[in-house]
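A.B. asks: Give me coordinates for this.
(4 chains)
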Number of protein chains: 2
Amino acid sequence: MTNNHFKRGELYSFITGKASTAIARRLQKKFNAAGLNLTIEQWSVLYHLWKQDGISQQELCNATFRDKPSITRLVDNLEKLQLVKRVPSESDRRMNRIFLTKHAQKLQDQSMDLAEETLNEALVGVSPDRIEICKEVLQIVYDNLK
Amino acid sequence: MTNNHFKRGELYSFITGKASTAIARRLQKKFNAAGLNLTIEQWSVLYHLWKQDGISQQELCNATFRDKPSITRLVDNLEKLQLVKRVPSESDRRMNRIFLTKHAQKLQDQSMDLAEETLNEALVGVSPDRIEICKEVLQIVYDNLK
DNA sequence: TTTGGATAGTTGTATAAACAACTATATGAC
DNA sequence: GTCATATAGTTGTTTATACAACTATCCAAA
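C.D. replies: Sure thing, here's the model as predicted:
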């Protein structure tokens, strides 16, 4: 089945991602208000390191859906903030493994709480069923295009 | 009802907007392949001008969910590309009205076709019902946070 | 009619994204 | 072992975003 049922007026929000922009902006404001000196993009890198510390820059590229130069510079900035450290891999000298500092480890709970709070605010008035469907659709979209 | 049902592992994609990033990236590739020398952000401004020509920069801010400096610079670049023209408003000398050039008018059909094609590719395997629910959820999220 | 606040737009600065071109290292075919 | 190719990461450049600070203009209350 093709989905040629798109009316032109409906294209816009889907493509520009206004909803996720709004969520990211709200979360950034919460970070700032809490005195976390951290961008959402930096947080998204830390997010994956909290799940698994010591992964390579290439693995961060795959996880965050960013290209290599973007990760190089995000890691640069996270290093300047003393939140991560590049450690050359011993088994493969092309690779860096990225490790969290103690300071970054401390940021996890607070920032994740703010993220959860943001999503709760975003989803006021939406039933769990519909949230679930929305997540599934977005996942399919991502899989179709990645 | 609160939506405290978010599992941490589910936060990420919602916040980072991986789906809309993937859509925008695919559309940009189609623009490039078609020889349209146009960024998605520039296209999103033209999109609103195609709907209503001659609106102000502030109205473009509201329509595109961007701040004033972002629109200033997008209009700068669109003017350099000779796609729009700033015309000082006669009734309010603070305002510019932004008008499409003939060249920009010609880009509408081709670029909108590519956008529709991109969405069709994105939504392969998703039923119209579920697309509808997803759109509604994203609209509510936007309204909750804007 | 003056003046103070609101609105429209611009400029400066920092961070980030995308693409191309580059270096260094690893790997597999011969 | 040598060499072609692939992979990991960096650097340069352009475009875009967010925030703060700024100018110019408008409008309404005194």
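A.B. asks: Going by C-alpha atoms from here, please, whenever you check contacts or count neighbours.
C.D. replies: OK.
A.B. asks: would A:K85 count as being in a strand?
C.D. replies: Yes - according to DSSP: H, G, I helix; E, B strand; the rest coil, A:K85 belongs to a strand.
A.B. asks: contacting residues around it?
C.D. replies: Contact analysis of A:K85 by Cα atoms under 8 Å, 6 or more residues apart in numbering or on different chains lists A:79, A:98-101.
A.B. asks: what's the closest non-adjacent residue to it?
C.D. replies: A:F99 (5.2 Å; Cα to Cα, 6 or more residues apart in numbering or on different chains).
A.B. asks: Any idea how many residues pack against the one you found?
C.D. replies: 21 (other Cα atoms under 10 Å in any protein chain shown).
A.B. asks: right, and A:I23 touches B:L145 too?
C.D. replies: Yes - using Cα atoms under 8 Å, A:I23 is in contact with B:L145, at 7.0 Å.
A.B. asks: so what sits against both of those two?
C.D. replies: With Cα under 8 Å, 6+ apart as the test, A:I23 and B:L145 both reach A:A122.
A.B. asks: higher neighbour count, the two?
C.D. replies: Higher neighbour count among A:I23 and B:L145: A:I23, with 25 against 18, using other Cα under 10 Å.
A.B. asks: Now the more buried one. Nearest residue, chain neighbours left out?
C.D. replies: Counting by Cα to Cα, 6+ apart, the residue nearest A:I23 is B:I15, at 6.0 Å.
A.B. asks: was I right about that neighbour contacting A:A24?
C.D. replies: Yes - using Cα under 8 Å, B:I15 is in contact with A:A24, at 5.9 Å.
A.B. asks: Next, work out how far apart the residue nearest in space to the middle of chain A and B:K80 are.
C.D. replies: Nearest to the mean C-alpha position of chain A, by Cα atoms, centre = their mean, lies A:S44 at 3.3 Å. The gap separating A:S44 from B:K80 is 35 Å, by Cα to Cα, to the nearest Å.
A.B. asks: I figured A:L38 hits A:L27, correct?
C.D. replies: No - assessed by Cα under 8 Å, A:L38 is found out of contact with A:L27, at 10.6 Å.
A.B. asks: So which of the two has more stuff around it?
C.D. replies: Higher neighbour count among A:L38 and A:L27: A:L27, with 22 against 16, using other Cα under 10 Å.
A.B. asks: Could I get the contacting residues of that one?
C.D. replies: With Cα under 8 Å, 6+ apart, A:L27 has these contacts: A:40, A:114-115, A:118.
A.B. asks: could you redo the last one with a cut-off of 7 Å?
C.D. replies: Applying Cα atoms under 7 Å, 6 or more residues apart in numbering or on different chains to A:L27 gives the contacts A:114-115, A:118.
A.B. asks: looking at those residues, which has the most residues close by?
C.D. replies: A:A115 (24 neighbours).
A.B. asks: Could you check how far that one is from B:T16?
C.D. replies: Taken as Cα to Cα, the span from A:A115 to B:T16 is 11 Å.
A.B. asks: So which elements touch the longest helix anywhere in chain A?
C.D. replies: Secondary structure assigned by DSSP state H gives helix A:102-122 as the longest helix of chain A. With contacts taken as 3 or more Cα pairs under 7 Å, 6 or more residues apart in numbering or on different chains; DSSP states H and E, helix A:102-122 sits against helix A:18-33, helix B:128-145.
A.B. asks: is DNA strand D contacted by the last one?
C.D. replies: No - Helix B:128-145 lies apart from DNA strand D when judged by Cα under 7 Å from any atom of the strand; the minimum separation is 12.7 Å.
A.B. asks: other SSEs contacting that helix?
C.D. replies: Helix B:128-145 packs on helix A:18-33, helix A:102-122, helix A:128-145, going by 3+ Cα pairs under 7 Å, 6+ apart.
A.B. asks: Let me have the ones you listed in TSV, extended by mean pLDDT.
C.D. replies: Formatted as TSV, these follow (pLDDT from 0 to 100):
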stretch	mean pLDDT
helix A:18-33	95
helix A:102-122	94
helix A:128-145	92
